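# based on what follows, work out the 3D shape:
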Amino acid sequence: MSDLDFVSGSKPIDIERGDGPYLYTADGTEYLDAGASFACTPLGHCHPAVVDAVREQVGELTFVDSSYPVQSREDAYAAFVASTPDGLDGAWLCNSGTEANEAALKFARSATGESKIVAATRSFHGRTMGALAATWKDKYKKPFEPLAGDVEFVPYGDGEELADAVDDETAAVILEPIQGEGGINVPPADYLGTARELTEEAGAALVLDEVQTGMGRTGKMWACQNAGVTPDVLTTAKGLGNGLPVGAVAVRDWIADGAASHNATFSGGPVVAAAVHATVSTLVEAKWPAHAAEIGDYLVDELEAALGDSVREVRGEGLLVGVELKRGANRVARDLAMNQQVLALPAGRTVLRLLPPLVIDEPEADRLVAALTESIAPETEVES
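Numbers count the residues shown, from 1 in each chain. Sure thing, here's the model as predicted:
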């Protein structure tokens, strides 16, 4: 098995159950989850509030289509919209982050009457044909070309390049507040504000992809709140159902009023809606985003102190943390899993991505630091 197989294919660790920030194999071996759930379990594995809500709902009503009022769906919409920045009053539940971004691009095009989409280098927005067209990396796109056209890419974080690209024919600018798959890239402090100003001047929609940055991960419920920016469309998924497959789109009224028809059979199914309501309500009421900010600062400080010059940089916000290595990230991720019982992810060739549940405390952060210190040797260089 190659390192790439370990990271992207079948892994030689049979996970049987989860509890909080930990995963367990059948023989009881404990793994600290700092990436195995891809940011999908902000409350940790099998959180009682979510488990109870899902069990109750699945025993009452498993599914009916979204044209019929269902209390769990109404509760989910109310909790989700209340958690978003002021001004995002319309919402739609779907099944994944890809589907949320696909809908966002459709909504923007139909509401503006324009077709041009401006996206960023190193972006990742999904694998359906529309979302894939706005995704940067060729390895995801080449086998499926030609994709939807009229997409222009600009360097992420460069406000001047963005200004040159946004014009009267632009339907939307789609950005991640912090790039995840692309390497945990944090833009300049004024970048999202610049994007907001440019899209308003052009009459275009600002779409912020919070599939990975949302649900409290960066220290606020939504990463755009750290920048004081409210988009026209906010998309999310991953942690929205604390492990159940669900995505969502929140929109301003002008987008909702101008959007053409769009739907999906399983949109807002009662069971996943119950999980959404329980997840969002618990995150907000227990103030887990603020906890993520505090523990994230602690984790970054400890990593910087322990790793020093053996890595190029430690960066991120809250519990979205990237460690830029001087060697390939795949090999380090494998060593962490097989020898340290810590599960992490690569984000590009040399960045190790840490996405632990927001419920970790200092002991888990210390375990992460100790594991990385053991696995990362000062003299290592980037692999060929």
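
# and stretch 335-354, how far from the chain's centre?
17 Å (CA atoms, centre = their mean, to the nearest Å).

# what is the rounded mean pLDDT of it?
What stretch 335-354 shows for mean pLDDT is 96.

# could you do stretch 213-226 as well?
98.

# quick one, what contacts Arg73?
Counting by CB atoms under 8 Å, 6 or more residues apart in numbering, Arg73 touches Ser66, Leu93, Gly268, Gly269, Pro270, Ala273. From N, CA and C alone the C-beta is placed, and that goes for glycine too.

# contacting residues around Ile178?
Ile184, Asn185, Val186, Pro187, Thr213, Thr218, Ala223, Gly316, Glu317, Leu320.

# again with Val50
Contacts of Val50 (CB under 8 Å, 6+ apart): Leu43, Gly241, Asn242, Gly243, Ala275, Ala278, Thr279, Thr282.

# would you convert those residues into TSV that also reports pLDDT, secondary structure and neighbour count?
As requested, these are exported to TSV (pLDDT from 0 to 100; DSSP: H, G, I helix; E, B strand; the rest coil; neighbours: other CB atoms under 10 Å):
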residue	pLDDT	secondary structure	neighbour count
Leu43	98	coil	25
Gly241	98	helix	28
Asn242	98	coil	30
Gly243	97	coil	23
Ala275	98	helix	26
Ala278	98	helix	27
Thr279	98	helix	29
Thr282	98	helix	19
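
# need the max-distance pair from these.
Gly243 and Thr282 (13.1 Å; CB to CB).

# hey, where'd the helices end up in the stretch 51-200 of the chain?
71-83, 97-112, 129-133, 138-141, 159-165, 191-202 (DSSP state H, counting those that start in this stretch).

# please identify the deepest-packed of those.
Most buried of the helices of the stretch 51-200 of the chain by mean neighbour count (mean count of other CB atoms under 10 Å) is helix 97-112; its value is a mean of 25.

# average pLDDT across that one?
Mean predicted lDDT for helix 97-112 stands at 97.

# same deal with stretch 74-91?
97.

# need the CA coordinates for it. CSV is fine.
Taking C-alpha atoms only, stretch 74-91 is exported to CSV below (Å, rounded to 0.1, in the frame of the first residue of the first chain):
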residue,chain,number,x,y,z
GLU,A,74,-39.3,23.8,10.3
ASP,A,75,-37.1,23.6,13.4
ALA,A,76,-34.0,23.0,11.3
TYR,A,77,-34.6,25.9,9.0
ALA,A,78,-35.3,28.2,11.9
ALA,A,79,-32.1,27.2,13.8
PHE,A,80,-30.0,27.4,10.7
VAL,A,81,-31.2,30.8,9.5
ALA,A,82,-30.9,32.2,13.1
SER,A,83,-27.3,31.1,13.2
THR,A,84,-26.3,32.9,10.0
PRO,A,85,-25.2,36.5,9.6
ASP,A,86,-28.1,39.1,9.6
GLY,A,87,-29.5,39.6,6.2
LEU,A,88,-29.5,35.9,5.1
ASP,A,89,-33.2,35.2,5.6
GLY,A,90,-33.9,32.5,3.0
ALA,A,91,-32.5,29.0,3.1
